[in-house]
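Asker: got a predicted model here, sequence first, then my questions.
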Amino acid sequence: MEGLVDVLEGRRTVHFHTHRHDDVLTAIRLSEEFDFDVVLHHVSEGWKVADEIAEANVPCSIIVLDSPGGKHEADEVAYRTGQVLEDAGVDVAYHTDDPITDSRVFLRSPALGVRAGMSREAALESVTLAGARMLGLEDEVGSLETGKDADFVVLSGDPLSAYTKVEQTWVEGSKVFDRSDPDDREFATGGYRVYDDAIQHVHEHSRE
């Protein structure tokens, strides 16, 4: 109940998990009926209702799936969703749902969006400032500006190239990953379960 009070009084944004277009419209209707802020996630059929999403001024954090399988409500997920939403005027970000899509190939998502018609500018913003806006953190992260946290990655080439690698990762001005370090390199090349202790998806107590 306390969480709901935060939502209804505007202190908390609701992030809705949606796939089908009718679920998307239901989430928007609820946000308008009860006057709360919402961000839509996945939005597999968002390309069907892009104008309605834009009219409601609701941002979307979408996902790219590059292999078959999954669930029926995501059957019509499409690479062009980013382009359709952009054209309608929707604020678009990408996420991975790691391990659904491995976060180490995160930048492949906006690249596939560009291949399907999304602009390069919107694609780059979709993995930087757009996501920060959806979390209410745009004054702290998401772009390289004076006064913001020094969180950034150093890449080997074009951010939207499949051949580009992360060379370094910096968080609040401190280097936390360096590909030239043999130990760090294992995380970049050794596969999802390179170190069981590093898996964030499995709670420590669940393995005991």
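Answerer: Cool, got the structure. Just so it is clear, the model here is predicted, and its values are computed rather than measured. Residues are numbered from 1 along each chain as shown.

Asker: ranges for the strands of this structure?
Answerer: Using DSSP state E, the strands of the chain run over residues 14-18, 38-42, 60-62, 92-94, 152-155, 166-171, 174-178.

Asker: pick the most buried one from those strands.
Answerer: Most buried of the strands of the chain, by mean neighbour count (mean count of other C-beta atoms under 10 Å): strand 92-94, with a mean of 26. Backbone N, C-alpha and C define where each C-beta goes, glycine included.

Asker: what's in contact with it?
Answerer: 59-64, 82, 85-86, 106, 109-110, 113, 118, 122, 126-127, 130-131, 134 (C-beta atoms under 8 Å, 6 or more residues apart in numbering).

Asker: among the helices and strands of the protein, which has the poorest mean pLDDT?
Answerer: helix 182-189 (a mean of 78; mean pLDDT, DSSP states H and E).

Asker: show me which residues of that one are buried.
Answerer: residue 184 (16 or more other C-beta atoms under 10 Å).

Asker: remind me what that helix packs against, helices and strands.
Answerer: Helix 182-189 sits against strand 174-178, with contacts defined as 3 or more C-beta pairs under 8 Å, 6 or more residues apart in numbering; DSSP states H and E.

Asker: relative to the strand it packs on, what are the paired strands and their orientations?
Answerer: Paired strands of strand 174-178, with direction, are strand 166-171 (antiparallel) (DSSP bridges).

Asker: before we move on, back to that, let's see which of the contacts of strand 92-94 end up in helices.
Answerer: Among the contacts of strand 92-94, the residues falling in helices (DSSP state H) are 82, 85-86, 109-110, 113, 122, 126, 130-131, 134.

Asker: who wins on neighbours among these?
Answerer: residue 82 (31 neighbours; other C-beta atoms under 10 Å).

Asker: not counting sequence-adjacent ones, nearest residue to that residue?
Answerer: Nearest residue to residue 82, sequence neighbours excluded (C-beta to C-beta, 6 or more residues apart in numbering): residue 113, at 3.6 Å.

Asker: so who does the one you found touch?
Answerer: So residue 113 contacts 64, 79, 81-83, 94, 122-123, 126 (C-beta under 8 Å, 6+ apart).

Asker: tell me where the model's unsure across this structure.
Answerer: Applying pLDDT under 70 to the chain flags residues 68-69, 189-208.
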